[in-house]
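**Q** Let's see this in three dimensions:
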Amino acid sequence: MNVDSVSVNNYPFNKVDIALINNDPLVSNSFPVVYILYDPKNMIAYVGESTNVINRMNNHLTHPEKKNLKLVYIISDSSFNKSATLDIESNLIQYLDASGKFKLLNANTGISNHNYYQKDEYFKMFKNIWSKLSFNDIKMKDLLELKNSDFYKFSPYKALSNDQFRSILEILKNYSINSVKSIFINGSSGTGKTILAVYFIKLISTLYNYDLEDLEIEDELLLVELDRFKKKFPKKIKIGLVVPMTSLRSTLKKVFKSTHGLNSNMVIGPTDVVKKEYDFLIIDEAHRLTRRKSIMGYGAFDKVNKELNLYKTEIKSGKSFQDVTKNGNQLDWMMKCSKFQLFFYDSEQSIRPADVRKEDFDKIKSDINSREITLVSQLRSKGNNDYINFIDDLLYSKIKEGSKKYFNQNYELILFDDMSKMIKSLKKCEQKYELSRLMSGYSWPWVSKTEPEKPDAIIDGMELFWNRKSSDWINSTTDTNEMGCIHTVQGYDLNYAGIIFGKEIGYDKKNKKIMIDKDHYHDALGKQGLTNSSELKEYVINIYKTMMFRAIRGTFVYACDKNLREYFKKHIEINKRY
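**A** The predicted model follows:
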């Protein structure tokens, strides 16, 4: 195979000129080819592959939307086979969508990610193809930059894992034939909950824009379930994606705005659910829904409860008073403002007293009209479930004495005892892979918020600052001296993460357990109203676990507490490489 031999040729797309494509001998001899139909003025495109491309072009010329496209790229090579063309087609769909330049007319079904002979060589060919695409001088971004972008990571054009595909089938089946109202997708960090939420919304939205036969779905099981769903809900449904965290919500709004068939108004905050009646509410990061405790803005919270008749007052000693324990929470809002709900949930990512309690979710789960589906495959971390389980055991002091230190050839977990070396190492990763960020728990007050030049923490002589932006911090900086907090990183993927275990978390050598010092925990709302120290410990450990699960390639660790550092040193390799 010669990866440089691939032909990338441009032709007019209309009934008169379409025959010119036959000038390519591979097309005229029925070789498999990949093609891109596009309109550079309106920035709309469609990607496909076929062994009978002329026939396919004629079909597209009768399609109500595709017939308005103006040009077509024909991509051909004598080494192409069905697996290669499906793979190249899938990569083109994913990277064109991530570019933010084009809205794709493609459905999000059938994205391929299977292994086949010489797959790595065909990706080299794909890089060559990408470099030859100009789209009338529209400059396309580098592949690495696109792959690290939120548009790529949260795109609905994804090849689902077996775990995720099974879940899609179960979701459709339960809503269609089992009279189910609420479905919970349970899964730990990195199991692909947000991706599945976005994929499902795009799938359902596309279902009402096209006939099933136009979706070109090859999987018979998916066709059956989509057909059942459309018969159960024949009219286009009103659907909303609820995202409790402001930063992630802002990111997903941008993704939806750039995706054909979706719009940014579909992504909403919890308080927005009262603005219209929804058929389906998809609630991402549902564990971050809040109750009326330790929050900012009680008035706004009460206003929603009053609108939904969930604001409770009682008469006591001749006077009315508000019984806050009987007021509605944001989980109640979801139930009241929609006919059907799909919750993406992980109780171990609950990090504040304000979060809706696990027992409130459990009440809904126990209802006869509810179902639970569990995602188990680790899709983010290259350390897979071995790494996830190790961190869980580490932070809950469950590792047996004398156990070997953690090692995984696919994932770097390294302990540092010098902050300057950790920062330098993170900078190297940022230069090579990008998306390498520093994070910490709430061990320091946010001094720099009002005094921007004053560092929030000084460790080993290194001046460190809390995140300078609250919204979309991940993409706002490459400064590895900035520390993100849990609210700026939850829901996002990184390539490398540097985690500072601050002064609020230590290790009790006598009892051999993690301990928490609440005096060094500076999230006021995170400990407000807590009287049980074990409850605060649970929240703090959840914060660190969630941050430790952010990175795809590796995690660097620094512990301020000497005893905690010694405990980690027994189980994590100390830095020798950087």
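**Q** can you pull out the strands in the stretch 151-300 of the chain?
**A** 182-186, 239-242, 267-268, 278-283 (DSSP state E, counting those that start in this stretch).
**Q** of these, which approaches Leu71 most closely?
**A** strand 267-268 (32.2 Å; CB to CB). In this view, the C-beta of every residue, glycine as well, is placed from N, C-alpha and C.
**Q** who's in contact with that closest one?
**A** Gly240, Leu241, Val242, Val243, Arg249, Leu252, Lys253, Phe256, Lys275 (CB atoms under 8 Å, 6 or more residues apart in numbering).
**Q** from the strands of the stretch 151-300 of the chain, which stretch is densest packed?
**A** Among the strands of the stretch 151-300 of the chain, the stretch with the highest mean neighbour count (mean count of other CB atoms under 10 Å) is strand 239-242, at a mean of 24.
**Q** what's the model's confidence in that one, averaged?
**A** In this model, strand 239-242 has an average pLDDT of 98.
**Q** helices or strands next to that strand in the packing?
**A** helix 193-207, strand 267-268, strand 278-283 (3 or more CB pairs under 8 Å, 6 or more residues apart in numbering; DSSP states H and E).
**Q** Tell me the strands beside it, with direction?
**A** strand 267-268 (parallel), strand 278-283 (parallel) (DSSP bridges).
**Q** Low-confidence ranges, the stretch 301-450 of the chain, go.
**A** Where the stretch 301-450 of the chain drops to pLDDT under 70, the residues are 313-326.
**Q** how about the strands of it, start to end?
**A** Going by DSSP E, counting those that start in this stretch, the stretch 301-450 of the chain shows strands at 313-316, 319-322, 338-345, 370-374, 412-416, 436-440.
**Q** Farthest-apart pair in the contacts of strand 267-268, please.
**A** It's Leu252 and Lys275 that sit farthest apart of these, by CB to CB, at 17.8 Å.
**Q** where in this protein is pLDDT low?
**A** 313-326.
**Q** From the recorded domain assignment, give the ranges for the chain.
**A** 7-143, 162-291+329-374, 384-571 (automatic domain parsing).
**Q** to the chain's geometric centre, what's the distance from the last one?
**A** On the basis of CA atoms, centre = their mean, to the nearest Å, the separation between the geometric centre of domain 384-571 and that of its chain is 20 Å.
**Q** Distance across that domain, terminal residue to terminal residue?
**A** 18 Å (CA to CA, to the nearest Å).
**Q** Likewise for the shortest one?
**A** Taking CA to CA, the first and last residues of domain 7-143 lie 20 Å apart.
**Q** please renumber so the chain begins at 20
**A** Sure thing, new numbering starts at 20, so read that last one as domain 26-162.
**Q** quick check, distance from it to the centre of its chain.
**A** Centroid displacement of domain 26-162 relative to its chain, using CA atoms, centre = their mean, is 27 Å.
**Q** So which residue is dead centre in this structure?
**A** Thr213 (4.3 Å; CA atoms, centre = their mean).
**Q** so that one touches Ile301, yeah?
**A** No. The criterion here is CB atoms under 8 Å, and Thr213 misses it with Ile301 at 10.2 Å.
**Q** overlap in contacts of the two?
**A** In contact with both Thr213 and Ile301: Phe363, using CB under 8 Å, 6+ apart.
**Q** ok, now which ones touch Ser552?
**A** Per CB under 8 Å, 6+ apart, neighbours of Ser552: Ile535, Lys537.
**Q** what's the spacing between it and Ser416?
**A** Separation of Ser552 from Ser416 (CB to CB, to the nearest Å): 16 Å.
**Q** between the strands paired with strand 258-261, which one is nearest to Lys122?
**A** strand 286-287 (16.6 Å).
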